[in-house]
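K.L.:
Return atomic coordinates for the entry below.
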Amino acid sequence: MNIDKEKAKRNIETVLEKIHGSTDLSLLREYNKLFKKEVSLFSRRWAAAWLFMYYDSKETPSAAVSYAAGAGAKSAGLKKNKPSEPKSSQAQEDKLSLSTAELALPEEESKRLFISIGKNRRLFPREIITLIMTKTGTVREDIGVIRILDNYSFVQVRDNRADDIIETLNGLKFRGRTLTVNFAKPKTSEDQ
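P.N.:
The predicted structure follows:
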């Protein structure tokens, strides 16, 4: 793939202008802290280059999302317009990246599942979502809040999907472990 260097330079200029102009600096600081925490010092420049490559291949300066202060940056920042992607793929990516607060299912329509894998296996919510969706055919709207602890996780799922998810994932090999998946015990005051 050849790089359109002129477009890339314009995109760099746009990014720098947005940093110094319309970006919510407190939000940018939070992203910076997260980036520094999750990406090792030796990988940061490669991660930044990959992110720019991705941005440059998907975005144009006029279509970039503005993270202006007071403009709903928290929710707007998660839903970018990527004109070159097909709509179905874009919609699926947006659904995978929504925050858990936006995805909480009503208690009366959901069950909480226990999954015997957690942070110690470098597990992230998107991986649980992908596992459930690919192995069970469950749609994203049927998966709610995900809470990952050190050795296990809890996943909120819609009532009518819970038994199928347990049946399919229980005993499945994932990340070198045989998963145990079942209904979680009721929440206690310590869990909340």
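
K.L.:
Can you pull the domain assignment for the chain?
P.N.:
Recorded structural domains for the chain (assignment: automatic domain parsing) are 5-83, 100-183.

K.L.:
Adding mean pLDDT and mean neighbour count, write the ones you listed out as JSON lines.
P.N.:
Using the backbone N, CA and C atoms, a C-beta is placed for each residue, glycine as well. Below are those laid out as JSON lines (pLDDT from 0 to 100; neighbours: other C-beta atoms under 10 Å):
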{"stretch": "domain 5-83", "mean pLDDT": "68", "mean neighbour count": "13"}
{"stretch": "domain 100-183", "mean pLDDT": "91", "mean neighbour count": "16"}
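
K.L.:
Are we agreed that residue 105 is in a strand?
P.N.:
No: with DSSP: H, G, I helix; E, B strand; the rest coil as the criterion, residue 105 is coil rather than part of a strand.

K.L.:
Hmm, residue 157 is touching residue 142, no?
P.N.:
Yes: applying C-beta atoms under 8 Å, one finds residue 157 in contact with residue 142, separated by 6.0 Å.

K.L.:
got the residue ranges for the strands in this protein?
P.N.:
110-115, 143-148, 153-158, 173-174, 177-178, 181-183 (DSSP state E).

K.L.:
Which among those strands is found nearest to residue 132?
P.N.:
Closest approach to residue 132 among these is made by strand 143-148 (6.0 Å; C-beta to C-beta).

K.L.:
Pull the residues that contact that closest one.
P.N.:
Strand 143-148 has contacts (C-beta atoms under 8 Å, 6 or more residues apart in numbering) with 100, 103-105, 110, 118-119, 123-125, 128-129, 132-133, 153-158.

K.L.:
which residue sits closest to residue 180, ignoring its sequence neighbours?
P.N.:
residue 116 (3.9 Å; C-beta to C-beta, 6 or more residues apart in numbering).

K.L.:
Quick check, the one you found in contact with residue 184.
P.N.:
No: at 11.3 Å, residue 116 does not count as touching residue 184 under the criterion of C-beta under 8 Å.

K.L.:
So the closest residue to residue 156 other than its chain neighbours versus residue 107, what's the distance?
P.N.:
Leaving aside its chain neighbours, residue 156 sits nearest to residue 144 (3.3 Å; criterion: C-beta to C-beta, 6+ apart). Taking C-beta to C-beta, to the nearest Å as the criterion, residue 144 is separated from residue 107 by 10 Å.
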